[in-house]
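Engineer: Below are the sequence and a predicted model; questions follow.
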Amino acid sequence: MSHKPKIRNYFLILLAATAFMLTSVVFLLQNFPGIFRTSASISKSDEIKSGQAIEIIFSFPVIQSSIEKSIKISPETEFSTDWINSRKTLRVIPKKIWNPQTDYHISIVDGKNIFHLKFGQELSFLTQAYPKIKTLIPLSGEKNVAVDIEEPIDVNFDKSLEEYNVKFEVFPSAQLEYQMNAEKNNIKLLAKDNFAWKTQYDIGVFLKNKKQTEGEYVKVGQTSFETATQPSTEWDKDPAILLEQAKKYTKPAISSGKYIDINLTYQVMVIFENGQALDSYRISSGKKGMETPEGQFKIENKTPRAWSKKYALFMPNWMAILPSGEIGIHELPVWPGGYQEGASHLGIPVSHGCVRLGPEPAKRVYQWAEIGTPVVVHK
């Protein structure tokens, strides 16, 4: 028996079915075009990160080339595309980055679905905002500000600056030193040579994504403050003469053994042994409201590099003079990054209660003094 009639019948049935389907599609296209209408949407349209892909989801399969030719992005950005999900999802990836805090618009003009029906679509998405400043100290308008390493300018952000560069603009101009915490959301800021006394300072804070150009910094905050008036004193203005005067005229309070004499009025330290003045040094004691306590104390403990958890800095050549360890004698403080408080504050009471010395004097006194050495603090 021949199988040709059966094959011919199957072929005719398939041909008829195909014709019916095509006729049905044409009928639907002509009478119910909305059935094949294509629309597009963005899967996530806000807080888009700098390198994140934008996913455009189509309600009906499309002709890829028609979309790729017609898609435009404003502000203009170079991008690449990648299709997933059976030609229904288009991933748009920036070749560089999406700029932070920017409203982007996507236009699709003359797109076509698989039935060659044209459609257009306007879409938008918003990129992640720049980190915001939660607190900026000193507060804008604040007066009588004494900025030093224990009380620096403090900028606290609401999120990490991991992806950003930060820039500070200061007027009057000053070379700045700053350190960032491990979480990268806090910056402490100082002038390398200390801020001038009785001066109005304006400091602007600027950010940019690390992949943006130098000209794309955006201002995110500002503070204006006035520094304190330099504390008045009656000592000789020449530090060398002052130290000679201190060494020559300071009367020893203890006549035997070693002891350290600290004069808060003239901001000098004299070290004595058996009633003889060995040397004198400029110091910086506690500022107004946080004065170094007066009285007779002794060296309670020593360590070559103490860490202040309260102020997040090192205090080299530390010698505590209170049993609690809250107050001591030490070298000018050092940030973890290596920056050390400027010596120009020596001779001026600006600390939070401790007695500061320059690097060489601090080392000399640390090596000379022993635990139990008396310390006399007076005016």
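Structural biologist: Sure thing, it's come through.

Engineer: Leaving aside the residues adjacent along the chain, what's closest to residue 142?
Structural biologist: residue 225 (4.6 Å; C-beta to C-beta, 6 or more residues apart in numbering). Heads up, the C-betas are built off the backbone N, CA and C, glycines and all.

Engineer: How about residue 171?
Structural biologist: Of all residues not flanking residue 171 in the chain, residue 202 sits nearest, at 4.7 Å (C-beta to C-beta, 6+ apart).

Engineer: who does that neighbour bridge with?
Structural biologist: residue 171, residue 224 (DSSP bridges).

Engineer: got it, and the one 4 residues further on?
Structural biologist: Following DSSP bridges, residue 206 is listed with bridge partners residue 167, residue 219.

Engineer: How many residues are close by it?
Structural biologist: Residue 206 has 18 neighbouring residues, counting by other C-beta atoms under 10 Å.

Engineer: Would you confirm that it contacts residue 219?
Structural biologist: Yes. The pair residue 206 / residue 219 is scored as a contact, 5.3 Å apart, by C-beta atoms under 8 Å.

Engineer: Give me the number of neighbouring residues for the residue nearest to residue 142.
Structural biologist: 21.

Engineer: same question, residue 162
Structural biologist: A count of nearby residues for residue 162, using other C-beta under 10 Å, gives 10.

Engineer: Identify the residues contacting it.
Structural biologist: residue 184 (C-beta atoms under 8 Å, 6 or more residues apart in numbering).

Engineer: before we move on, which element is it in?
Structural biologist: Under the criterion of DSSP states H and E, residue 162 resides outside all helices and strands.

Engineer: can you give me the strands in the stretch 101-250 of the chain?
Structural biologist: 103-112, 118-126, 133-137, 142-145, 153-157, 164-171, 176-180, 186-191, 200-209, 218-227 (DSSP state E, counting those that start in this stretch).

Engineer: beta partners of residue 93?
Structural biologist: With DSSP bridges applied, residue 93 shows beta-bridge pairing to residue 80.

Engineer: which residues sit in contact with it?
Structural biologist: 51, 53, 54, 79, 80, 81, 82.

Engineer: Nearest to residue 275 among the residues you listed?
Structural biologist: Closest approach between those and residue 275, by C-beta to C-beta: residue 51, at 72.2 Å.

Engineer: Wasn't the closest one part of a strand?
Structural biologist: No. Judged by DSSP: H, G, I helix; E, B strand; the rest coil, residue 51 forms no part of a strand; its state is coil.

Engineer: Please report the number of neighbouring residues for it.
Structural biologist: 14.

Engineer: Quick check: chain neighbours aside, which residue is closest to it?
Structural biologist: Spatial nearest neighbour of residue 51, excluding adjacent residues (C-beta to C-beta, 6+ apart): residue 97 at 5.8 Å.

Engineer: Dihedrals phi and psi, the one you found?
Structural biologist: phi -150, psi 160 (degrees, to the nearest 10).

Engineer: related to what we said a few turns ago, so the residue nearest to residue 171 is in contact with residue 174, correct?
Structural biologist: No. Counting by C-beta under 8 Å, residue 202 does not reach residue 174; the two are 11.0 Å apart.

Engineer: Between the two, which is the more surrounded one?
Structural biologist: Using other C-beta under 10 Å, the more surrounded residue of residue 202 and residue 174 is residue 174, with 18 against 13.

Engineer: Would you mind measuring from residue 92 to residue 82?
Structural biologist: Distance, residue 92 to residue 82, by C-beta to C-beta, to the nearest Å: 8 Å.
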